[in-house]
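> Dropping a prediction and its sequence here:
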Amino acid sequence: MGARESILVTGGTGRQGGTGRVVVEQLIKRDFAVRALVRGIDERSDHLKRLGAEIVVGDFGDYASMLTALDGIKSAYFCYPVGPGISEAAGLFATAGREQGLKRIVDLSLASSRPDSPSPQGRAQWVAEKIFEWAGFDAVHLRIAAFFMENIPYISGRTIRDSGRISNAFGDTLLTWISGADVGAMAAALLMDPSRATERVVLAGGVQRLTYAQIAEIATSVLGKPVRYVELTPADWREELIATSRARGQENVRGADHLVAQSIAIRQRPPSPLTNHVQDLTGAEPTLMPRFFELNRKLFA
C-alpha cells in the first residue's frame with residue numbers, strides 16, 4: 001500500500017465509541033491520506049479537517065453521495081451505528097464501491113453477528129458482512145466480543161452525574177470490556193497493513209472482565225464521589241434506554257432492543273474471551289477501566 005494512498009473512513013464523527021475518529025487520527029499520524037465521510041459540518045468534522053483529513057459530506061442512504069465519497073478510493077473503513085438501516089447502508093456502500101473500484105474494506109462488526117442472533121442488530125450485521133463478501137471485496141470483519149467502555153458515559157453518564165447511579169439489566173454478570181479508542185487503533189492497523197489479518201473474521205475479545213457493581217466501585221474511587229449499581233428488569237431497562245435516547249433527540253428502539261437482548265442472552269453463556277488483539281495489532285498496552293475513567297473524568301462531572 002502506497003504511503004499516500006487515500007483511505008475512506010466512515011463514522012469519523014460518531015459519538016458512541018468514536019472508533020472512526022481514532023482511525024482517522026492513527027492513519028494521518030502515519031502519513032496516510034484520509035477522506036472522512038461525515039453527515040454534516042460541525043465541530044467534530046472541523047477537528048478531522050484540522051488533522052489533515054479531506055472532508056466529504058454524505059449519507060449512507062444517499063447513493064450519489066456514496067459514489068462521490070468512494071471516487072478514487074481503494075480501501076475503506078465501514079462503521080455503522082447500532083440502529084436500523086445497516087443492511088441497506090452496506091448494500092448501497094458496496095454497490096457504489098464496486099462502481100468506483102473499491103478493493104478492500106475493514107468493517108466494524110459484532111461478536112453476535114450471525115443469522116440466528118437474538119439481537120436484531122446482530123442479524124443485520126451478519127447480512128452486512130455477507131454483502132461485502134458478495135461484492136468481491138477483500139473484506140475483514142472486525143468483530144468485537146466485548147462491550148465498549150464508552151457505553152458507560154453514553155448510556156449512564158447522566159445518571160452518574162445527577163444521582164451517582166448506574167442501572168441496567170446485566171445484574172452480577174461478568175462482562176468483558178474494551179475501549180473504543182483501542183478498537184479504532186486495531187481497525188487502523190488492519191487498514192495500514194493488510195497482512196495483519198490472515199482470515200476474513202478477526203474476533204477480538206475484551207481486555208478486562210468486570211461486573212457493573214465492580215465498575216461502580218472503580219467510578220467511586222476515580223471520581224471521588226459515591227456511585228452505586230442498581231439492577232433493573234429487562235423491560236424496565238428497555239423503557240429507560242428508549243427514554244434516554246428520546247431525550248437526546250433521536251429515539252433508538254433498535255439500540256435498546258440490541259442491548260436488552262444482550263443482557264438476557266449473556267447470562268446463558270460463559271464470559272467472552274480476553275484476548276491480546278490490541279497489543280498484537282497495535283503494539284500498545286490496552287486501556288483498562290480505571291484509566292478510562294481517568295481519561296474521561298469530565299464526562300461524569
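Done, it's in. Everything quoted here is computed from the prediction, not taken from an experiment.

> Specify the beta-bridge partners of the nearest residue to Ile7 once chain neighbours are set aside.
Spatial nearest neighbour of Ile7, excluding adjacent residues (C-beta to C-beta, 6 or more residues apart in numbering): Ser75 at 4.8 Å. Backbone N, C-alpha and C define where each C-beta goes, glycine included. Partner residues in beta bridges with Ser75, using DSSP bridges, are Ile7, Arg104.

> Val9 is in contact with Ser75, correct?
No - Ser75 lies out of contact with Val9 (C-beta atoms under 8 Å); the separation is 9.7 Å.

> more crowded one of these two?
When Ser75 and Val9 are compared on other C-beta atoms under 10 Å, the one with more neighbours turns out to be Val9, at 33 against 23.

> before we move on, back to that, how much space between the residue nearest to Ile7 and Ala36?
In this structure, Ser75 and Ala36 are separated by 14 Å, where distance is defined by C-beta to C-beta, to the nearest Å.

> same deal with Ser113?
For Ser113, the distance to Ala36 (C-beta to C-beta) stands at 25 Å.

> who has more neighbours, these two?
Each of Ser113 and Ala36 has its neighbours counted (other C-beta under 10 Å); Ala36 has more, 30 against 24.

> elements contacting the host helix or strand of that one?
Using DSSP states H and E, the element containing Ala36 is strand 34-38. Using 3 or more C-beta pairs under 8 Å, 6 or more residues apart in numbering; DSSP states H and E as the contact definition, the elements that strand 34-38 packs against are strand 7-10, helix 19-29, helix 43-51, strand 54-57.

> Retrieve the pLDDT associated with the residue nearest to Ile7.
At Ser75, the predicted lDDT confidence score is 97.

> Can you tell me what sits against stretch 145-160?
15-18, 111, 165-168, 175-180, 183, 203-207, 215, 219, 223, 227, 241, 244, 259, 272-273, 275, 287, 289, 292, 296, 299-300 (C-beta atoms under 8 Å, 6 or more residues apart in numbering).

> Next, the contact list for Ala89, please.
Contacts for Ala89 (C-beta under 8 Å, 6+ apart) come out as Phe60, Gly61, Tyr80, Ala128.

> same thing but 10 Å
If a contact means C-beta atoms under 10 Å, 6 or more residues apart in numbering, then Ala89 has Thr10, Asp59, Phe60, Gly61, Met66, Phe78, Tyr80, Pro81, Ala124, Ala128, Ile131 as its contacts.

> List the buried residues in stretch 58-75.
Burial within stretch 58-75, assessed by neighbour count using 16 or more other C-beta atoms under 10 Å, is assigned to 58-60, 63, 65-70, 73-75.

> swap in stretch 171-178?
By neighbour count on 16+ other C-beta under 10 Å, the buried set for stretch 171-178 is Leu175, Thr176, Trp177, Ile178.

> Wasn't the third one part of a helix?
No - according to DSSP: H, G, I helix; E, B strand; the rest coil, Trp177 belongs to no helix; its state is strand.

> So in terms of bridging, what pairs with it?
On DSSP bridges, the residues paired with Trp177 through beta bridges are Phe147, Gln208.
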